[in-house]
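> Fold the stuff below for me.
(2 chains)
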Amino acid sequence: MIEIGLSHYLVLSTILFAIGLVGVMKRKNLLLLFFSTEILLNSVNIAFAAISHYYGDLTGQMFAFFVIAIAASEVAVGLGLLIVWHKRHNNIDLDTMSSMKG
Amino acid sequence: MFEAIAFYLFAFLTISMFYIVVTTQQALYALTALAAGMIFISAFFFILGADFLGAVQIIVYTGAVMALYAFGMMFFDTTRDVKEKQGNKFIIVGLSTLSAVLVVLIVSAPIVSDNIVALYPVVDGIGNTQEVGVVLFTKYLIPFEVAAVMLLVAMVAGIVLAGKKMDLSLTLMNDAEIRELNEEKNKKELS
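Purely as a prediction, here's the structure:
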């Protein structure tokens, strides 16, 4: 059976990152844009944990923890802003989200 | 052997779940698939020996973030189908190029830095949680506390943003009523 190396995890992380990137570029609904951001952060977490394991260094895991903390606070603030916007304008589409003229 | 089977199984499951998140028209399906994908990702952490990280992944993402999204989605009309942008050839080509370059960079990065030395080596015979605790509370104590402050700021921001005017619905009022409300508030503040 094939040995699972660092490259396997990095390729998986790249595929997930590309999926998240496609989501960020393709999605028009802001809620689903947030979901895509979560995918991006998670794919990076996989890469951190894999490198941490294969080099026997704990720093990767530490950074993964901080990424998780950042993701949690991003969700709290972003969802609050989203709720305010939805209360005011009754939609969360990205294309209509422009109040400036010009 | 088992590691390879587990890796390929969970890789397939994670990729398919996240593909559903990106392509589905229903926001609720996307939420459910994202929660499932988060759980599957924690399996990678367990395979890689980062037990504490896997537990944190399940607790924070599936327990906190997904619950937050689920509660937040009660404010939105999720039954309505999500309209998507028309396919733009330029964006798709640019995206594919970017992804391909990314693949090359990520795969070649560990080859370039082959002579890397572990600053905080994993010691045999000590649990992962204990190691993480020792490193987190010595070397990474300041970032840890900064992260705690940041979470506090995020909590205050979430309460201030989402908890404002819970008793009246701004969506059911028209613009004139909202303006009236704002003027009343301004008057109250001035007097």
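
> What is the burial count for residue B:130?
11 (other CB atoms under 10 Å in any protein chain shown). No exception for glycine: its C-beta is placed from N, CA and C like everyone else's.

> Quick check: it vs chain A, distance?
Noted for residue B:130: a distance of 11 Å to chain A, by CB to the nearest CB, to the nearest Å.

> distance of that residue from residue B:137?
Relative to residue B:137, residue B:130 is positioned 11 Å away (CB to CB, to the nearest Å).

> so where do the helices sit in the chain?
Unless you meant another one, I'm taking chain A. Listed in chain order, the helices of chain A (DSSP state H) span A:6-26, A:30-54, A:59-89.

> nope, chain B
Taking DSSP H as the test, the helices found in chain B are B:2-23, B:27-47, B:51-56, B:66-72, B:89-112, B:128-136, B:141-162, B:175-190.

> residues contacting residue B:65?
A:38, A:71, A:72, A:75, B:38 (CB atoms under 8 Å, 6 or more residues apart in numbering or on different chains).

> Give me whichever of the helices of chain A is most buried.
helix A:30-54 (a mean of 22; mean count of other CB atoms under 10 Å in any protein chain shown).

> elements contacting that helix?
helix A:6-26, helix A:59-89, helix B:2-23, helix B:27-47, helix B:66-72, helix B:89-112 (3 or more CB pairs under 8 Å, 6 or more residues apart in numbering or on different chains; DSSP states H and E).

> To residue B:142, which of the ones you listed lies closest?
Within those, the stretch nearest residue B:142 is helix A:59-89; the backing value is 11.5 Å (CB to CB).

> Give me the contact status of that closest one with chain B.
Yes - counting by CB under 8 Å from any CB of the partner chain, contacts between helix A:59-89 and chain B involve A:59, A:61-62, A:64-66, A:68-77, A:79-84, A:86-88.
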